[in-house]
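A.B. asks: Here is the input, now give the coordinates:
(chains A and B)
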Amino acid sequence: MAEQAQATAETGPRPIVPFLKLGAEPHLVGSKCSCGAIFLDTKRLACSKCGSTGPFQTVKLSTRGKVYVFSVVHQSFPGIKTPYITAIVDLPEGVSVRTNLVDLDPLAIEKDPKPLFDMPVEMITHVVAKDRQGNDVVAFAFRPIKH
Amino acid sequence: MRNVYVLGTGMIKFGRYPEKTVPELGAEAALIAMKDAGVTIKDVEMLASGNLYQSNAMVGQRILQQVGQMGIPVINVANACATGSTAFREAYLSVASGMYDIAMAVGVEQMGKAGLLGGGAGGSDPAYSPEGKIGSGLMPAVFGQNGIEHMRKYGTTMEHFAKISVKSHKHATKNQFSQYQNEVSLEDVMNARMVAYPNTLYMCCPTGDGAAAAILVSEDKLKQFAAGRKRAKIAASVLTSDPWTERDLTLPDVNTLTKRAAKQAYEKAGIGPEDLALTELHDCFATAELVHYENLYLCKEGEAGKFIDEGGGVHPSLGGKSPVNVSGGLLSKGHPLGATGVANICEVVWHLTQDERAKARQVPNAKAGLAHVIGLGSACTIHILTV
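C.D. replies: Residues are numbered from 1 along each chain as shown, chains lettered A, B, ... in the order given. Sure, this is the predicted structure:
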């Protein structure tokens, strides 16, 4: 994944994973099989749900979804600020994404986790690192939708 | 397929052995198992060796360099946390098929104090590591989310998970092979350092070193070597992988493949969960143990919390029922990845055969027991043993 991201000819900000598309309207993309399954983490030779060899359709995924489950991580890799919330967010296209949740108090969530279930959230992007060439590495995250 | 029996078992105390090598640890367990079986390396016709961290380094052959090189076939197995139990299954298949009459399975691992398992490295440039930047793949968080999923569906509380840790730590005080043998109170568990909600430190298994081994034989060889000693039969040996499910790619689904394996195993063994005197299941985290009560049909779907509140999983001598992880489980006994699956089977065998090594924690009327392991990625093994 990382090699693919780094191999692009673009200069400037780089997406942390290939299925994150940057630009004026950052969004995630998935590969959709005719059986309905959508995959966003890796390229596939065949569909892991039905075995079809495609062709697969590239679909733009919604930037809004709902929190399915989460955890609050207190111990992580060097340079990762803890505690933070990791979550599985369900998108309306029928695919889920692993993400950080931001703009929420992790310790308050531990005291009362229930409000997070099915909470509507929206995607944002932010710079999370600089790569060896000095390019900004951009990741996505989700935050509560403010009404 | 022929009947296969466990003629001998060997296990070393799980812990940390920085002064020893992986083959040495495996060889110690292998020698104990052969002695227990009453065989020598000259009787062993094949070896299945399970080890994860040196899976490219011919661990099985290096074990034989320590215990006797007779030129027998060796398979080196890697299957994440199900590595040892998959090696055991390979040994089982080699005897069940009629190819060999005496096979040895060894599971061994040396992890030291390795931690933070499961996070993605991100290739050549750590800037692209997704870990902590787009969620977490670390094991405490992954299994934390499995527990949260149960909370979401069924209203399970953090206290339910904590009670599992209290129970297994209490069990471990009776197991001389356990890495940790200390009791913890509910308050200790609830107030311990949080690793990944809802898993506090005492709800996470330790890393460490260990080894376990077993000698598997055909019925003819059982008659020749067992000489009237009680030996357990392998009534079912099942291996599954994760079928496609909706969120499996982002939140590994440890439930579906376990349920499938359990159904196959009960059918093959011709018994049901109500017939089990004990279960050793894969409690890498307290949250995992809770969901597996349901996945192994020890209780009904959605009722794991109730099962715990009513003394489910607790040793009968402590007033419980359907005992789970009387060894202390991975939470206390330890989880040296490649050794875990074989050690779980050793524990079940010892109860079924009234082996001295489980005397202090013997479950009564042990006629059948189940050993379950999950390797994330995913692989699930279930072995049912009977006498």
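
A.B. asks: Every contact and neighbour count from this point should use C-alpha atoms.
C.D. replies: Noted.

A.B. asks: got a pLDDT number for the residue lying closest to residue B:309 once chain neighbours are set aside?
C.D. replies: Leaving out its chain neighbours, the residue that sits closest to residue B:309 by CA to CA, 6 or more residues apart in numbering or on different chains is residue B:160, at 7.7 Å. On pLDDT, residue B:160 comes in at 98.

A.B. asks: ok now do residue B:160, which residues does it touch?
C.D. replies: Residue B:160 is in contact with B:305, B:308, B:309, counting by CA atoms under 8 Å, 6 or more residues apart in numbering or on different chains.

A.B. asks: so which helix or strand takes in it?
C.D. replies: Per DSSP states H and E: residue B:160 is located in helix B:158-172.

A.B. asks: Angles on the backbone of residue 85, please.
C.D. replies: You didn't say which chain, so I picked chain A. Torsion angles at residue A:85 (phi, psi; degrees, to the nearest 10) stand at phi -100, psi 120.

A.B. asks: should've been chain B
C.D. replies: According to degrees, to the nearest 10, residue B:85 has phi -70, psi -30.

A.B. asks: Quick check: residue B:90 vs chain A, distance?
C.D. replies: 27 Å (CA to the nearest CA, to the nearest Å).

A.B. asks: Need phi/psi at that residue.
C.D. replies: Residue torsions, per degrees, to the nearest 10, at residue B:90 are phi -60, psi -40.

A.B. asks: That one and residue B:49 touch, don't they?
C.D. replies: No: using CA atoms under 8 Å, residue B:90 makes no contact with residue B:49, being 9.2 Å away.

A.B. asks: neighbour-wise, which of the two wins?
C.D. replies: Between residue B:90 and residue B:49, counted using other CA atoms under 10 Å in any protein chain shown, residue B:49 has the larger neighbour count: 34 against 24.

A.B. asks: one step back: just name the closest of the contacts of residue B:160 to chain A, please.
C.D. replies: Checking the contacts of residue B:160 against chain A by CA to the nearest CA gives residue B:305 as the nearest, at 17.2 Å.

A.B. asks: Assumed that closest one was part of a helix.
C.D. replies: Yes: counting by DSSP: H, G, I helix; E, B strand; the rest coil, residue B:305 is located in a helix.

A.B. asks: Count the residues that sit near the residue lying closest to residue B:85 once chain neighbours are set aside.
C.D. replies: In this structure, residue B:85 finds its nearest non-sequential neighbour in residue B:341, 4.1 Å apart by CA to CA, 6+ apart. Neighbours of residue B:341 under the rule other CA under 10 Å: 37.

A.B. asks: same question, residue A:87
C.D. replies: Counted with other CA under 10 Å, residue A:87 comes out at 29.

A.B. asks: Test my guess that it contacts residue A:71.
C.D. replies: Yes: Residue A:87 is within contact range of residue A:71, at 6.4 Å (criterion: CA under 8 Å).

A.B. asks: so what's in contact with these two at the same time?
C.D. replies: Common neighbours of residue A:87 and residue A:71 (CA under 8 Å, 6+ apart) are residue B:145.

A.B. asks: Can you list phi and psi of residue B:154 for me?
C.D. replies: Torsion angles, degrees, to the nearest 10, at residue B:154: phi -130, psi 10.

A.B. asks: Just want to check the distance between the residue nearest to it when sequence neighbours are not counted and chain A.
C.D. replies: Spatially, and ignoring its direct neighbours in sequence, residue B:154 is nearest to residue B:302 (5.7 Å; CA to CA, 6+ apart). Going from residue B:302 to chain A by CA to the nearest CA gives 17 Å.

A.B. asks: Below-threshold pLDDT in the chain: ranges please.
C.D. replies: Because you didn't say which chain, this covers chain A. In the predicted model of chain A, residues A:1-11, A:41-42 satisfy pLDDT under 70.

A.B. asks: Not quite, go with chain B.
C.D. replies: B:121-122.

A.B. asks: How about the residues of it by chain A?
C.D. replies: Counting by CA under 8 Å from any CA of the partner chain, chain B comes close to chain A at B:116, B:122-136, B:141-142, B:144-145, B:148-149, B:152, B:194-198, B:244-247, B:249-251.

A.B. asks: Generate the PyMOL command that creates a selection of the buried members of those.
C.D. replies: In PyMOL, a selection of the buried entries from the residues of chain B next to chain A looks like this (16 or more other CA atoms under 10 Å in any protein chain shown):
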select buried, chain B and resi 122+126+127+128+129+130+131+132+133+134+135+136+141+142+144+145+148+149+152+194+195+196+197+198+244+246+247+249+250+251
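
A.B. asks: Helices - which of the residues of chain B next to chain A land there?
C.D. replies: B:141, B:142, B:144, B:145, B:148, B:149, B:152 (DSSP state H).

A.B. asks: could you dump those residues to a markdown table with distance to residue A:147?
C.D. replies: Converted to a markdown table, these look like this (distance: CA to CA, whole Å):
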| residue | distance to residue A:147 |
| --- | --- |
| B:141 | 30 |
| B:142 | 31 |
| B:144 | 30 |
| B:145 | 28 |
| B:148 | 27 |
| B:149 | 27 |
| B:152 | 25 |
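
A.B. asks: Which single one of those is nearest to residue B:214?
C.D. replies: residue B:142 (31.6 Å; CA to CA).

A.B. asks: how about that closest one, what does it touch?
C.D. replies: A:71, B:136, B:251, B:252.

A.B. asks: Just the closest of those to residue A:58, please.
C.D. replies: Distances from residue A:58 to those, taken as CA to CA, are shortest for residue B:251 (22.5 Å).
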